[in-house]
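Q: fold the stuff below for me.
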Amino acid sequence: MNQQKLLILLFAFVVFVNYENYVKPNIQKMYSSIDLLEHRITQEKLNSKDVNTEDLNISINYSDMMYDGRKYTYSQAMGKFQEDITTATKDLCSIERIVWAQVSTKEAWYEKLRMNVVLACTPQALHEAASNLKLNGKLYYAENFLALKLQRKSSLKVKIQLVAFRNLDEIK
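A: Coordinates of the predicted model:
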């Protein structure tokens, strides 16, 4: 008889502990999350009042970020693009291959210039080369990127397809 009472007491204790820990909602936690949300909402309201709408009208001059169609033909722009890549990677990475894409992609007012580049360098040098390329002020992005670690060396072989742009306004 005592064993049955002990078993019932033990079962009641297990149910009580599971209810307290997992089923019963934590009211204190709910109140603290409500207070946190109210605080964040008031902060956002204060921040939105301080923003001047005239400062939000930032105009970007895309012609400065692209190779000028009035100044460069397609092949001249590709040559300048290749020169910019070579200058950015000088003394940092060894250029194994640079291949021009066969055909540019023309959109309404710009043209995509593609360049397939294969480099061998360390990750830090690759980061520095990307930073140097960014200093040109031109808009570049990588469509395809593949980095392989060279065996027995602490460097990478990087295959990347870089894309630059040439505007088509009043082409020469």
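
Q: going forward, measure contacts and count neighbours with C-alpha atoms only.
A: Fine.

Q: buried stuff in the longest helix seen in the chain?
A: Of all segments of type helix in the chain, defined using DSSP state H, the longest is helix 27-50. Along helix 27-50, not one residue counts as buried under the neighbour rule (16 or more other Cα atoms under 10 Å).

Q: what lies in contact with it?
A: Outside helix 27-50, not one residue touches it by Cα atoms under 8 Å, 6 or more residues apart in numbering.

Q: okay, now the domains of this structure?
A: Domain segmentation of the chain under automatic domain parsing yields 2-56, 62-167.

Q: among these, show me which one is buried the most.
A: Of all those, domain 62-167 carries the top mean neighbour count, a mean of 16, counting by mean count of other Cα atoms under 10 Å.

Q: mean confidence for it?
A: Per-residue pLDDT values across domain 62-167 average out to 88.

Q: span of it from start to end?
A: 8 Å (Cα to Cα, to the nearest Å).

Q: same check on stretch 65-72?
A: 14 Å.

Q: quick one, strands of the chain?
A: With DSSP state E as the criterion, the chain has strands at 94-100, 105-106, 110-121, 141-149, 156-167.

Q: counting by contacts, list what the last one packs against.
A: Contact here means 3 or more Cα pairs under 8 Å, 6 or more residues apart in numbering; DSSP states H and E; on that basis strand 156-167 packs against strand 110-121, strand 141-149.

Q: list of residues touching that strand?
A: So strand 156-167 is contacted by 63, 66-69, 77, 81, 109-123, 138-150 (Cα under 8 Å, 6+ apart).

Q: again, but for the shortest one
A: Counting by Cα under 8 Å, 6+ apart, strand 105-106 makes contact with 111-113, all of which sit outside it.

Q: relative to that strand, what are the paired strands and their orientations?
A: strand 110-121 (antiparallel) (DSSP bridges).

Q: gap between the partner strand and the chain center?
A: Averaging C-alpha positions (Cα atoms, centre = their mean, to the nearest Å) puts strand 110-121 18 Å from its chain's average.
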